[in-house]
Structure formats: C-alpha cells, structure tokens
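>>> Have a look; sequence and predicted model below, questions after that.
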Amino acid sequence: MVRVHYRPVINMEYNIENTYDIIRNQYPDITIDCLKVVKDVIQHRNFWKPDKVKTLLLAESHVYTPGEENQILLQYPHFIKEQGLPQDYVRLVYCLGYGEQDLAPSIADNPGTWQYWKIFAACASSGRDIDFSNVLKKGRINSRDRIINKLLLLEKLKSKGIWLVDCCIISLAGNVERRTSKEKRELIRLSWENYIKSLVKIVEPEKIIVIGNRVGRVVGEHLRAMNREFMILPQPQARLSAAEHRKILETYQEICNRS
C-alpha cells in the first residue's frame with residue numbers, strides 16, 4: 001500500500017475563522033457546526049489534497065456533525081493509524097469512519113455518503129467499465145477489505161490530482177432545521193466569497209466540476225470571471241433514471257481522464 005503523509009499545505013486559519021464568524025453573525029438563530037468540526041473537516045480534506053490539483057470537484061457541503069460525535073476518535077487499525085490520517089470523526093466522505101461502523105462503533109446512525117464513493121470511483125477509473133462495488137456495502141465486501149479499498153481509492157485520486165472541496169464551510173444537510181433554497185444559496189455565497197474563492201485561486205485547478213445546480217448558480221459567474229474551465233453536473237441524489245446517473249458517472253470519468 002502506498003504510504004501517504006499529511007502536509008498542511010494550505011494555511012488559511014484566519015480566513016476560516018473569519019468566514020465562520022460572518023455566517024454566525026448573519027444567521028444567529030440557525031444551528032451550525034461548531035468551529036472545531038469545520039476545522040476538522042478541512043484537516044481531513046487537506047490530508048488528501050494532491051500536490052498539483054488537476055481536477056477540482058466543487059460540491060455543496062459536508063453533513064452536520066454534532067459536537068459530541070466530533071469528540072470521538074476513529075478506531076483505525078494499526079496499518080492505517082501509522083499513516084497519520086486525522087482521527088476526529090466528521091460526516092464527510094474524506095473521513096474513513098463516516099459510514100464505517102468498525103471505525104466508529106459508538107455512533108449508531110452512521111450511513112456515510114455512498115453516492116460520493118461512486119463519483120470517486122468514476123473519477124479514478126480509466127478503464128472501459130466503472131466499478132464501485134468494492135467500496136460499497138452492497139458489494140458484499142467485508143468491512144476490513146472495503147476500508148482498504150476506500151483508502152486505495154483515495155490514494156489513487158490524490159495521485160491523479162483529483163480533489164473534492166465543499167463550497168459551504170458549514171453543513172447544509174443532516175440533523176439541522178430545514179433551510180430554504182434562498183438561505184442555502186446565501187450560505188454558499190458567504191463561504192465562497194470569504195474563503196473558498198481564495199482557495200480555488202491558490203490551488204489553480206486545470207478543470208473544475210461543479211456538483212449541483214444550486215452551487216453552479218452561486219459560483220458559475222465567478223468561475224467564468226476567473227477564466228476557469230468548468231462543467232456543472234447534477235447532485236448525485238437527483239431524481240434521475242439509472243441510465244442518466246450512469247451517463248453522469250461516465251462524464252466524471254471522461255473529464256478526469258482528459259488530457
């Protein structure tokens with residue numbers, strides 16, 4: 001297994017705290033993740049940042065993570081722990097414990113986001129067929145092997161220069177009060193203008209895939225002004241046919257493998 005090491009290559013501590021405070025001040029009555037969760041999400045994400053980002057996936061947000069869950073340390077087997085992965089639990093696809101009961105046994109409701117593992121598999125695949133069965137519970141792979149397969153997939157994405165970033169620093173999904181579409185767009189806008197836009201400028205991706213029309217409506221104009229090549233694809237939870245979802249996965253594959 002390829003050994004990976006965390007490099008804190010992006011240090012925007014003030015920006016993230018300032019952005020968090022702006023959101024908190026403008027929306028004092030909504031439930032948002034604590035600042036530690038927001039920072040731990042960034043830590044998990046930065047662990048898997050490629051040295052050179054070729055394809056940037058711009059999604060909406062992580063899933064709301066209560067503070068008491070965030071205090072739980074993931075129970076990595078030794079061969080994973082020695083690689084230095086972040087250990088604090090967050091509901092983010094880059095967190096290996098999200099969706100894996102063996103790594104976070106004290107969390108009863110831990111579904112994970114299997115849709116994004118399918119996207120990851122498509123992005124990493126260069127063959128004729130896209131196979132994601134070995135990273136999904138439906139694939140009848142035992143837990144240990146599935147976790148290893150996920151780790152190998154994340155390593156492959158990193159080596160290919162593929163990186164996922166959320167446009168909103170706080171969660172827009174999970175156990176929070178229902179937000180209107182207008183509120184979600186405004187929260188994405190505040191995060192984008194005060195943090196994520198600077199991040200995109202720093203990493204200078206060759207290509208950008210925007211995941212979801214709502215994100216596209218907020219950031220599309222800015223990306224065009226930055227002269228960035230980008231495409232907007234539907235959310236993986238969109239109500240589409242199986243054939244349409246398959247076509248979308250093939251589009252991820254094509255873009256990520258395009259020279």
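Thanks, I have the structure now.
>>> Please report phi then psi for the closest residue to Leu35 other than its chain neighbours.
For Leu35, ignoring the flanking residues on the chain, the nearest one in space by CB to CB, 6 or more residues apart in numbering is Tyr20 at 5.4 Å. Just so you know, the C-beta spots here come from the backbone N, C-alpha and C atoms, and that holds for glycine as well. According to degrees, to the nearest 10, the main-chain angles of Tyr20 amount to phi -60, psi -40.
>>> Verify the stated contact: Tyr20 with Cys168.
No: at 11.3 Å, Tyr20 does not count as touching Cys168 under the criterion of CB atoms under 8 Å.
>>> out of these two, which sits in the busier spot?
Cys168 (27 against 22; other CB atoms under 10 Å).
>>> List the contacts of the more buried one.
By CB atoms under 8 Å, 6 or more residues apart in numbering, the contact list for Cys168 reads 60-61, 184, 187-188, 191.
>>> Quick check: end-to-end length of stretch 229-245?
22 Å (CA to CA, to the nearest Å).
>>> How about stretch 230-241?
24 Å.
>>> pLDDT of it, averaged?
Mean pLDDT, stretch 230-241: 93.
>>> Return the residues in contact with the residue lying closest to Tyr195 once chain neighbours are set aside.
Excluding the flanking residues, the one nearest Tyr195 by CB to CB, 6+ apart is Thr19, at 4.3 Å. Going by CB under 8 Å, 6+ apart, Thr19 touches 169, 190-191, 194-195.
>>> do the same with Val53
Contacts of Val53 by CB under 8 Å, 6+ apart are 161-163, 203-206.
>>> one more time with 7 Å, if that's ok
161, 163, 203, 205 (CB atoms under 7 Å, 6 or more residues apart in numbering).
>>> three-state assignment of it?
At Val53 the chain is in coil, as set by DSSP: H, G, I helix; E, B strand; the rest coil.
>>> what do you get for the one 3 residues further on?
Assigned by three-state DSSP, the conformation of Leu56 is strand.
>>> Next one, pLDDT for the residue nearest to Tyr195 please.
The model's pLDDT for Thr19 equals 96.
>>> quick one: buried residues of whichever strand or helix holds it?
For Thr19, the host element (DSSP states H and E) is helix 13-26. Residues of helix 13-26 classed as buried by neighbour count (16 or more other CB atoms under 10 Å): 15-16, 19-20, 23.
>>> That one: what's the following helix or strand?
Counting by DSSP H and E, what follows helix 13-26 is helix 35-47.
>>> and the one helix or strand Glu69 maps to, what does it pack onto?
Using DSSP H and E, the element containing Glu69 is helix 67-70. With contacts taken as 3 or more CB pairs under 7 Å, 6 or more residues apart in numbering; DSSP states H and E, helix 67-70 sits against helix 35-47.
>>> what residues does the helix it packs on touch?
Against helix 35-47 from outside (CB under 7 Å, 6+ apart): 6, 8-10, 16-17, 20, 62, 65, 67, 70, 85-86, 88, 90, 92, 94-95, 165, 169-170.
>>> hmm, try it at 6 Å
For helix 35-47, contacts defined as CB atoms under 6 Å, 6 or more residues apart in numbering pick out 6, 10, 20, 62, 65, 70, 86, 88, 90, 92, 94-95, 169.
>>> Mind picking the two most distant members of the residues you listed?
Tyr6 and Tyr20 (22.2 Å; CB to CB).
>>> all helices for the stretch 151-259 of the chain, in order.
All helices of the stretch 151-259 of the chain, identified by DSSP state H, counting those that start in this stretch, fall at 181-191, 197-203, 213-225, 242-257.
>>> Out of those, the one nearest Lys138 is which?
Checked against CB to CB, the stretch from the helices of the stretch 151-259 of the chain lying closest is helix 242-257, at 13.9 Å.
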